[in-house]
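Participant: below: sequence and its predicted model.
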Amino acid sequence: MIFHSSRGHKVPVQEVVLHTAATPGDWWKGKDIEDVIATFDQWHRARGFRKIGYHRVFMPDGTMGKGRSLYETGAHVKGKNAGTIGLCMVPIKTHKGIKTFETYFTEAQRKAVKGYIKELNELTDIKRVTGHNQFSPKECPGFHVKTSDWV
């Protein structure tokens, strides 16, 4: 089981929160996953975070990059970081409202994220997969997330 620390207590990781990068649709072109992780890290540090807030980032081709350690509390949903793993997907289209997964992301990303959630279940007990928009008035990740679609 993976645990995060919150106010001196151990919190079991049992939820994945899906995110989208707040980038224009073609921003990712010509960048590899290391470039993207480094850029997100710079952006998050500029906002006062210690480092990148997400645990993993997924490119449109399904490539996954590592952000924070899974054993470290993330910085991806205000008030909902302990006990959650933040997975961010880089969109292929600029966000304009909450639509469907296919509007903004690729099948390679869906396959990679679902596969990674399956791997996480070997380390911890994922009970829920949610979207950032379920905890904050944001479009992120750009679609409505249902646990049954991901676990």
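Facilitator: Arrived safely.

Participant: pull out the buried residues from the lengthiest helix in the chain.
Facilitator: In the chain, taking DSSP state H as the definition, the longest helix is helix 107-123. Burial within helix 107-123, assessed by neighbour count using 16 or more other C-beta atoms under 10 Å, is assigned to 109, 110, 112, 113, 116, 117, 120. (C-beta placed from N, C-alpha, C; glycine too.)

Participant: mind putting those residues in a markdown table, distance to residue 46 and pLDDT included?
Facilitator: Formatted as a markdown table, the buried residues of helix 107-123 follow (distance: C-beta to C-beta, whole Å; pLDDT from 0 to 100):
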| residue | distance to residue 46 | pLDDT |
| --- | --- | --- |
| 109 | 26 | 98 |
| 110 | 30 | 98 |
| 112 | 28 | 98 |
| 113 | 27 | 98 |
| 116 | 27 | 98 |
| 117 | 30 | 98 |
| 120 | 29 | 96 |
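
Participant: what about the helices in the chain?
Facilitator: Under DSSP H, the chain gives helices at 33-46, 101-104, 107-123, 147-150.

Participant: now distance to residue 56 too, for these, in JSON lines please.
Facilitator: Output for the helices of the chain, formatted as JSON lines (distance: least, C-beta to C-beta, whole Å):
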{"stretch": "helix 33-46", "distance to residue 56": "10"}
{"stretch": "helix 101-104", "distance to residue 56": "17"}
{"stretch": "helix 107-123", "distance to residue 56": "7"}
{"stretch": "helix 147-150", "distance to residue 56": "14"}
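
Participant: quick check, pLDDT for the residue most central in space within the chain.
Facilitator: Centroid-nearest residue in the chain: residue 87, 1.8 Å away (criterion: C-alpha atoms, centre = their mean). You'll see residue 87 listed with a pLDDT of 98.
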